[in-house]
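Colleague: Can you look at this prediction? I've put the sequence above it.
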Amino acid sequence: MFSVIVFPAPGLDDYTFHFVNALSAFARVGYIIDAKQRDRFGNALSSAITPIVFHRPRRRHLWGAGEMYKLSRAIKHFHPDIFHLQGDGLWESVLLRLLGDIPVINTVHDPVKHIDYQNILNNTFLQDAIRRAKGWVVHSEGLKRILIREYRLNSDRVLVHPLGIHDYYCRFSTDVNSPREKYILFFGEPRFNKGFDLLLKAFSSIKDRIDDWKIVAAGKGNFISGIEKYIDPPGSRIFFENRYITDTEVATLFSRAGIVALPYRHASQSGVLGIAAAFGCPVLATPVGNMSEIMEHGKNVFFVKPNDEQSLAEGLITMAQSEGLRARLGNNLKGLASSQWSWDDIARVSVDFYSRML
């Protein structure tokens, strides 16, 4: 049986968990998993997977070098045919140098770093992880074109498959038949590239026209300068849970959300979209990254212009005032994801790709 080790860079644990669970039906899989994530996923991880548990170091942690050395020994003991890296980073670059001649595949989630993360170090780690691979994976044809253009890669060595439906959280849902509530959900780290500030400004300008709606933002992160004036005033109808959100809370939020907002200025794709699709949430988004390639405006998503407060405000009004539109978008998105973003299909094409790369 084909043998592969999978290693997620920081922030990609949710995606990689779904991927390795599906992959284990077609290959012998070793999964390098952070100890905290191992505790979190618990029995949800397939028994066919061999977990290789480690403690993820931050960039400033010098002990990370020793952790990467221990990982390299565990990887070689597993004897994989392929080492499949998900992403990039300092310690990922260190580990790649310790693997010897093990062939590397790299899933490049962001061929160009988000505008928040573009600096010399981050760009260097991205380039290093790409250059050390023999094959690459991206999540749309548009992202493939960017990757090939930026790094002059052989197109035959770049696989395209969808990001996948993030249905892990559905197991925690107890609100399957509950009616959706009138709140706009912004989920995840409130970074500049995700347009959190634009959402607050747009909502504040139109909240009197949708006076029974509110915003619920949930996810740990640093405040964008100036947004306090939208959140703090009494009667703002903006609620921000700036903390770690448990898996059970995630399920509750998406089960009840009336609209999920993805007002991104810049992105390659969205894991939040995969969660929203699993729960059949109506989604308002901007056509950045692979969004316009995988969804159709008015059918399974409502698109607004990126970095455009007025377009965002008008989109929120349209969706808030039409229950029928929201129901149609949510049902169609769930149907699309269930049929076209299947993890079994992703695993099958991945194993075929590994074989071709060898």
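Modeller: Sure thing, it's come through.
Colleague: those strands in the stretch 101-250 of the chain, which residues are they?
Modeller: 104-107, 135-138, 158-160, 183-187, 214-218, 238-241 (DSSP state E, counting those that start in this stretch).
Colleague: So which of those is nearest Leu312?
Modeller: Closest to Leu312 of the strands of the stretch 101-250 of the chain is strand 183-187 (Cβ to Cβ; 10.7 Å). To be clear about C-beta, it is placed using only N, CA and C from the backbone, and glycine gets the same treatment.
Colleague: now that closest one, how far from the chain's geometric center?
Modeller: 16 Å (Cα atoms, centre = their mean, to the nearest Å).
Colleague: Packing partners of it?
Modeller: helix 196-206, strand 214-218, helix 247-256, strand 259-262 (3 or more Cβ pairs under 8 Å, 6 or more residues apart in numbering; DSSP states H and E).
Colleague: just those: most buried one?
Modeller: strand 259-262 (a mean of 26; mean count of other Cβ atoms under 10 Å).
Colleague: Now do whichever helix or strand comes after that one against strand 183-187: the angle between them, please.
Modeller: Once strand 259-262 ends, the next helix or strand along the chain (criterion: DSSP states H and E) is helix 271-278. Interaxial angle of helix 271-278 relative to strand 183-187 (axes from the mean of the first three to the mean of the last three Cα atoms, to 10 degrees): 140 degrees.
Colleague: For helix 271-278, what is the distance to the chain centroid?
Modeller: How far helix 271-278 lies from its chain's middle: 8 Å, per Cα atoms, centre = their mean.
Colleague: Over to stretch 252-261?
Modeller: On Cα atoms, centre = their mean, the centre of stretch 252-261 falls 17 Å from that of its chain.
Colleague: Stretch 332-352 too?
Modeller: Using Cα atoms, centre = their mean, the offset of stretch 332-352 from its chain centre is 15 Å.
Colleague: Can you name the residues that contact the most centrally placed residue in the chain?
Modeller: Centroid-nearest residue in the chain, with Cα atoms, centre = their mean: Gly271, separated by 2.7 Å. Gly271 is in contact with Asp14, Tyr15, Leu163, His166, Gly188, counting by Cβ atoms under 8 Å, 6 or more residues apart in numbering.
Colleague: Give me the helices and strands touching the longest helix seen in the chain, please.
Modeller: In the chain, assigned by DSSP state H, the helix with the most residues is helix 323-340. Other helices and strands packing on helix 323-340, by 3+ Cβ pairs under 8 Å, 6+ apart, are helix 271-278, strand 283-285, helix 309-320.
Colleague: Can you lay out these as CSV showing distance to Trp91 and mean pLDDT?
Modeller: Converted to CSV, those look like this (distance: least, Cβ to Cβ, whole Å; pLDDT from 0 to 100):
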stretch, distance to Trp91, mean pLDDT
helix 271-278, 21, 96
strand 283-285, 32, 98
helix 309-320, 37, 98
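Colleague: Out of these, flag the one nearest Gly335.
Modeller: Here helix 271-278 is closest among the helices and strands packed on helix 323-340 (Cβ to Cβ), at 9.2 Å.
Colleague: Report the inter-axis angle for that closest one versus helix 247-256.
Modeller: Using the same axes, to 10 degrees: helix 271-278 against helix 247-256 is 60 degrees.
Colleague: Helix 323-340 and helix 271-278, what's the angle between them?
Modeller: 100 degrees.
Colleague: out of the strands of the stretch 101-250 of the chain, which comes closest to His79?
Modeller: Going by Cβ to Cβ, the one of the strands of the stretch 101-250 of the chain nearest His79 is strand 104-107, 15.2 Å.
Colleague: Packing partners of the worst-scoring helix or strand of the chain on mean pLDDT?
Modeller: Every helix and strand in the chain was compared by mean pLDDT, DSSP states H and E; the lowest is helix 228-231, with a mean of 72. Using 3+ Cβ pairs under 8 Å, 6+ apart, the elements in contact with helix 228-231 are helix 196-206, strand 238-241.
Colleague: so where is the stretch 151-300 of the chain shaky, pLDDT-wise?
Modeller: Applying pLDDT under 70 to the stretch 151-300 of the chain picks out residues 175-176, 223, 225, 232.
Colleague: secondary structure element for Arg73?
Modeller: helix 64-78.
Colleague: if we can go back for a sec, what's the most distant pair in the contacts of Gly271?
Modeller: Leu163 and Gly188 (14.3 Å).
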